[in-house]
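Engineer: Structure for this input, please:
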Amino acid sequence: MNEKYAVVTGATSGIGLQIARGIAATGYNTIIVARDQEKARLARQEIESVSTGNTRVHIEIADLASLDSIEALATRIISQFPQTSLLVNNAGIIVLKKKLSKDGIEMNLAVNHLAPFLLTWRLLPLLRQHPGARVVNVNSNAHEKAKLQESDLEPTSLFDSMGAYGQSKLASMFTTLELARLVPPAEVTFNAVHPGMVATNIGKVGGLMELVGILLRPFMLTPKKGADTALWASTAPELAGVTGRYYEKRAVSQTNPLLQDAHLAKVVWQKTLKMARLNEFQLLPQPFQPVG
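Structural biologist: As a prediction, this is how the structure comes out:
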């Protein structure tokens, strides 16, 4: 039996849980990546018994704000789930005050940009073994108006929470498009999606932002509706071989004009590799060679 595996990060609640439910319903063995063991257990129970009847749901615990933890996660996936052909980088955060990760990187950038990039990079040799593999990055329309210069990939001046969030999502768009350019689409496709304004826990950070979220909650999408485009991008047959797109409501959407700046794209790529502890001149990972 030719089983297939999918990895979904941030899959214990909200959009991520709904994406994992939908992917499991299509027959994938689903690996949910989470920080909290108990929340992951409850999510797996829901997916298996309530959502889909699929009992092939696996839990992987990782701290996506830690490069070491991401490296260890990738190693486990490669070892335990060699049939992985779908990666959905859904996990994301917004922080109100400047905070650094364990590696000394601004937290929005660490979780929203470096984590999906490094996990994707490390899993690429595995994904490239399975023609038609897909990487879907849950992005945000916050990237569309974000400002990003060579000097401020990582915010160092007066901290602006939404500005830093938008910058992290714009940086992620840059590397998503670069990976789409570098990897043949027959091997792996790379696309990003905006889920819309969704009633999830990401905005529960206190202060004015949370208050605004509470007031707008009646007008927000449900997590199930918010997950729809990501789930579609992950599984729709018509998107086979389609790469380097940004979708909203299952349609190609407008991106930030800065993404057309070739020089800035190169700078973001080089700085991303450096922050992820990868060599600037390191070759793109190739497929694993069969043994024997």
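Engineer: so where does Phe174 fall, helix or strand?
Structural biologist: helix 161-182 (DSSP states H and E).
Engineer: An error on my part: the question was meant for Ala65.
Structural biologist: Per DSSP H and E, there is no helix or strand for Ala65.
Engineer: shouldn't it be in contact with Ala110?
Structural biologist: Yes: using CB atoms under 8 Å, Ala65 is in contact with Ala110, at 5.1 Å. (C-beta placed from N, C-alpha, C; glycine too.)
Engineer: Look at the two and report which has more neighbours.
Structural biologist: Applying other CB atoms under 10 Å to Ala65 and Ala110 shows that Ala110 carries more neighbours, namely 27 against 21.
Engineer: Leaving out chain neighbours, which residue sits closest to the more buried one?
Structural biologist: Ser101 (3.8 Å; CB to CB, 6 or more residues apart in numbering).
Engineer: Output the below-cut-off pLDDT ranges for the stretch 51-200 of the chain.
Structural biologist: 51-54, 152, 155-158, 197-200 (pLDDT under 70).
Engineer: Strands of the stretch 101-250 of the chain, start to end?
Structural biologist: 133-138, 188-194, 246-248 (DSSP state E, counting those that start in this stretch).
Engineer: Same list (those) but as JSON lines, adding mean neighbour count.
Structural biologist: Below are the strands of the stretch 101-250 of the chain laid out as JSON lines (neighbours: other CB atoms under 10 Å):
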{"stretch": "strand 133-138", "mean neighbour count": "26"}
{"stretch": "strand 188-194", "mean neighbour count": "26"}
{"stretch": "strand 246-248", "mean neighbour count": "20"}
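Engineer: got those as JSON lines, with distance to Thr30 columns?
Structural biologist: Below are those laid out as JSON lines (distance: least, CB to CB, whole Å):
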{"stretch": "strand 133-138", "distance to Thr30": "14"}
{"stretch": "strand 188-194", "distance to Thr30": "18"}
{"stretch": "strand 246-248", "distance to Thr30": "21"}
